[in-house]
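S.K.: just coords:
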């Protein structure tokens, strides 16, 4: 019973007080219930206040070796467990000295990878893939166009309602992470694509999801992932395609076009600009072009140019210097 009580207290009191989204709270609950299941299976009927740092280190090892979790997934689970125990101490359900996470060693952070993005030809092929002779095809073209043109997340796209689409004003209203709302402008080509889908789809109530499935319900986050992935394969794009990869593409193309980092941060809905700085990467082609533009070849003087009348000593062949000097 203590596991159920602790988890429920953490979710209902601590997480709710912090104003976390219901989706985030559900994810935390699933993580903690998974840890409880591991404890019950490996360690028997032990409560959360009976665990030691070694028990949690063994769990980390289990995640890596048996579940094949990467560094990001492991760090996420450790962070949730650390927050659970901190909350129990704060609510006087656990003594600070009995907290197994109090002096828990820091887990090595995941290596940051440069985001993978599409080039312009790949985007062109992707957007040309949906068949525009059907309602579903027009919907998918509008979906792909909007994801690439705004960089919104799949969950944000799934949450768009008819009222959020101000096509007359060429803007959309997006509810991002943490309940932060932002307004994203659209260019006229994107507005036209969205209008074409809206016209063949028919009118909807203002609170209805903008992107409709075949049965009249809104497209879910998973359904959006499936549509993007499917059209990526149909376009013969070798990179595995997802809505987040289109988000990377949106950001990278804007950086290449000279858009400032602060503007890009606001468009992406990042709370901290350090999250946006990852898009300040360059491709191998960019590096080669930069190398050819370097003025070094015009500024450097060779030693031969400085000494036109003779040769530098190490240029003589073995024995040649002695013969010529004699």
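M.R.: That came in fine, so what should we check first? In this text, all values refer to a predicted model and were calculated from it rather than measured experimentally.

S.K.: ok, residue 240 touching residue 233?
M.R.: No: applying C-beta atoms under 8 Å, one finds residue 240 not in contact with residue 233, separated by 9.0 Å. In this view, the C-beta of every residue, glycine as well, is placed from N, C-alpha and C.

S.K.: wasn't residue 111 part of a helix?
M.R.: No: looking at residue 111 with DSSP: H, G, I helix; E, B strand; the rest coil, it is coil, so not inside a helix.

S.K.: and the contacts of stretch 112-128?
M.R.: The contact list for stretch 112-128 (C-beta atoms under 8 Å, 6 or more residues apart in numbering) reads 141, 144-145, 148, 231-232, 235-237, 239, 241, 245-246, 248-249, 251-253, 278-279, 281.

S.K.: tell me how far the closest residue to residue 111 other than its chain neighbours lies from residue 147.
M.R.: Of all residues beyond its chain neighbours, the one nearest residue 111 is residue 71 (7.1 Å), with distances taken as C-beta to C-beta, 6 or more residues apart in numbering. Using C-beta to C-beta, to the nearest Å, residue 71 is found at 28 Å from residue 147.

S.K.: of the two, which one has the most company?
M.R.: Neighbours per residue, other C-beta atoms under 10 Å: of residue 71 and residue 147, the larger number sits with residue 147, 26 against 13.

S.K.: list the contacts for the more buried one?
M.R.: Taking C-beta under 8 Å, 6+ apart as the criterion, residue 147 is in contact with 154, 157, 224, 228, 243, 246, 247, 250.

S.K.: the strand or helix carrying the fourth one: which residues count as buried?
M.R.: Of the helices and strands defined by DSSP states H and E, residue 228 is found in helix 221-234. Buried positions in helix 221-234, judged by neighbour count with 16 or more other C-beta atoms under 10 Å: 221, 223, 224, 225, 227, 228, 231, 232.

S.K.: tell me which of those residues is nearest to residue 180?
M.R.: Distances from residue 180 to these, taken as C-beta to C-beta, are shortest for residue 221 (18.0 Å).

S.K.: so the closest one makes contact with residue 154?
M.R.: Yes: shown here, residue 221 and residue 154 form a contact pair, counting by C-beta under 8 Å, at 4.8 Å.

S.K.: now the strands: where do they sit in the stretch 151-300 of the chain?
M.R.: Remark: strands of the stretch 151-300 of the chain, listed N- to C-terminal, are 165-166, 171-175, 181-185; assignment by DSSP state E, counting those that start in this stretch.

S.K.: just put those in JSON lines and tack on mean neighbour count.
M.R.: Conversion of those to JSON lines gives the following (neighbours: other C-beta atoms under 10 Å):
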{"stretch": "strand 165-166", "mean neighbour count": "16"}
{"stretch": "strand 171-175", "mean neighbour count": "18"}
{"stretch": "strand 181-185", "mean neighbour count": "14"}
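
S.K.: one step back: in helices, which of the contacts of stretch 112-128 appear?
M.R.: Where the contacts of stretch 112-128 overlap with helices, as defined by DSSP state H, the overlap consists of 141, 144-145, 148, 231-232, 245-246, 248-249, 251-253.

S.K.: report the buried members of those residues.
M.R.: Of the members of the ones in helices among the contacts of stretch 112-128, the ones counted as buried by neighbours, 16+ other C-beta under 10 Å, are 141, 144-145, 148, 231-232, 245-246, 248-249, 251-253.

S.K.: and those residues, which is closest to residue 108?
M.R.: residue 248 (24.5 Å).

S.K.: grab the nearest non-local neighbour of that closest one.
M.R.: Distances taken as C-beta to C-beta, 6+ apart place residue 115 nearest to residue 248, at 3.8 Å, with adjacent residues excluded.

S.K.: one more: residue 186?
M.R.: In space, not counting the residues next to it along the chain, residue 186 is nearest to residue 170; the distance is 4.7 Å by C-beta to C-beta, 6+ apart.
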